[in-house]
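# Got a predicted structure plus its sequence, pasted below:
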Amino acid sequence: MTQPTFSSNYSSEEGLNDLTPLLKGSGQGGRWTLIPSGKGIERRFQFKGFKKTWEFMNLIAPECIKQKHHPEWSNVYNTTYIRWTTHSPPGLSAKDVLMARFCDEQAEKCGEVVQEEGEGEKEGVKGGEDGDVGKGLVDRVASEAGDCCVPKGKGKGT
C-alpha cells in the first residue's frame with residue numbers, strides 16, 4: 001500500500017491528520033487516492049453535463065490564484081480529473097490538502113454525480129486503470145509541461 005510523502009514544510013503527523021479524512025478507504029467517506037509515489041492525491045469529479053463541469057472548474061480557478069497553487073487537471077465533457085501535488089518542496093503539502101477539501105466542497109455545490117466504486121465506464125470514454133481518460137491526459141500533460149516551479153526566465157535555454 002502506498003504511503004503519503006509529505007513536503008519538508010508539512011509534518012507527517014499534521015499531514016496524516018488532515019489527509020486521512022479525504023482518502024478512499026479511510027472509513028470517513030473520502031474520495032481521493034494517493035498517486036503511486038505518495039507525493040500527491042487525485043480524484044475524478046463528474047457532473048450532469050459540460051456546463052456544470054465548467055462551472056466547477058471556474059469556481060476552483062480563482063481559489064488556485066488566491067492560494068498560489070495550481071492543480072494538474074483535465075476535462076472531458078462532464079468529467080474533471082484533478083491531481084494535487086507540490087513540486088517545491090516535493091511531496092504533499094498543506095495547500096494540497098486545503099485545495100482538495102475546497103474541490104470537494106465546490107463539487108457538492110455544483111451537483112456532483114457520485115458513482116459508487118466500481119460502477120462502469122461511460123459510453124465512449126476509456127482510459128487508465130481506473131477507467132478514466134482524464135488520468136492519462138493529466139499524466140501526459142504534466143510530463144510535457146515542464147517544471148512549473150521554475151520562475152519564468154530561469155529555466156533551460158533562457
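Looks like it arrived, so ask away.

# Within the sheet, what are the partner strands of the longest strand seen in the chain, with directions?
Secondary structure of the chain per DSSP state E: the longest strand is strand 79-87. With DSSP bridges as the test, strand 79-87 is paired with strand 40-46 (antiparallel), strand 72-76 (antiparallel), strand 90-91 (antiparallel).

# Could you say which of these is packed most deeply?
Burial of these is given as mean neighbour count (mean count of other C-beta atoms under 10 Å); strand 40-46 ranks first at a mean of 23. Heads up, the C-betas are built off the backbone N, CA and C, glycines and all.

# Show me the shaky parts of the chain.
Along the chain, segments meeting pLDDT under 70 span 116-158.

# Which parts of this structure are helices?
For the chain, applying DSSP state H gives helices covering 12-19, 50-67, 94-109, 133-144.

# I'd like the ones you listed laid out as a markdown table, including mean neighbour count and distance to Pro4.
A markdown table is the format used below for the helices of the chain (neighbours: other C-beta atoms under 10 Å; distance: least, C-beta to C-beta, whole Å):
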| stretch | mean neighbour count | distance to Pro4 |
| --- | --- | --- |
| helix 12-19 | 15 | 6 |
| helix 50-67 | 15 | 20 |
| helix 94-109 | 19 | 10 |
| helix 133-144 | 16 | 19 |
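
# Now render those as TSV, adding distance to Ser88.
Formatted as TSV, the helices of the chain follow (distance: least, C-beta to C-beta, whole Å):
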stretch	distance to Ser88
helix 12-19	17
helix 50-67	15
helix 94-109	12
helix 133-144	15
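
# So which of the ones you listed is nearest Ile35?
Closest to Ile35 of the helices of the chain is helix 133-144 (C-beta to C-beta; 9.5 Å).

# Off-centre distance for stretch 9-16?
How far stretch 9-16 lies from its chain's middle: 19 Å, per C-alpha atoms, centre = their mean, to the nearest Å.

# Then stretch 31-45?
Distance of stretch 31-45 from the chain centroid (C-alpha atoms, centre = their mean) equals 6 Å.

# Not counting that stretch itself, show me its contacts.
Here stretch 31-45 makes contact (C-beta atoms under 8 Å, 6 or more residues apart in numbering) with 2-5, 19, 22-24, 53, 56, 79-86, 90-92, 96-97, 100, 103-104, 107, 112, 114, 130, 132, 134-135, 138.

# then that stretch to CSV, C-alphas only?
Written as CSV, here are the backbone C-alpha positions of stretch 31-45 (Å, rounded to 0.1, in the frame of the first residue of the first chain):
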residue,chain,number,x,y,z
ARG,A,31,-12.8,10.0,-2.4
TRP,A,32,-9.2,10.9,-3.1
THR,A,33,-6.4,8.4,-3.8
LEU,A,34,-2.7,8.7,-3.3
ILE,A,35,-0.6,8.7,-6.5
PRO,A,36,1.9,5.8,-6.8
SER,A,37,4.8,7.9,-5.5
GLY,A,38,2.7,9.0,-2.4
LYS,A,39,3.6,12.7,-3.3
GLY,A,40,0.1,13.7,-4.4
ILE,A,41,-3.6,12.9,-4.4
GLU,A,42,-6.0,12.6,-7.3
ARG,A,43,-9.7,12.3,-7.9
ARG,A,44,-12.3,12.3,-10.6
PHE,A,45,-15.3,14.6,-10.5
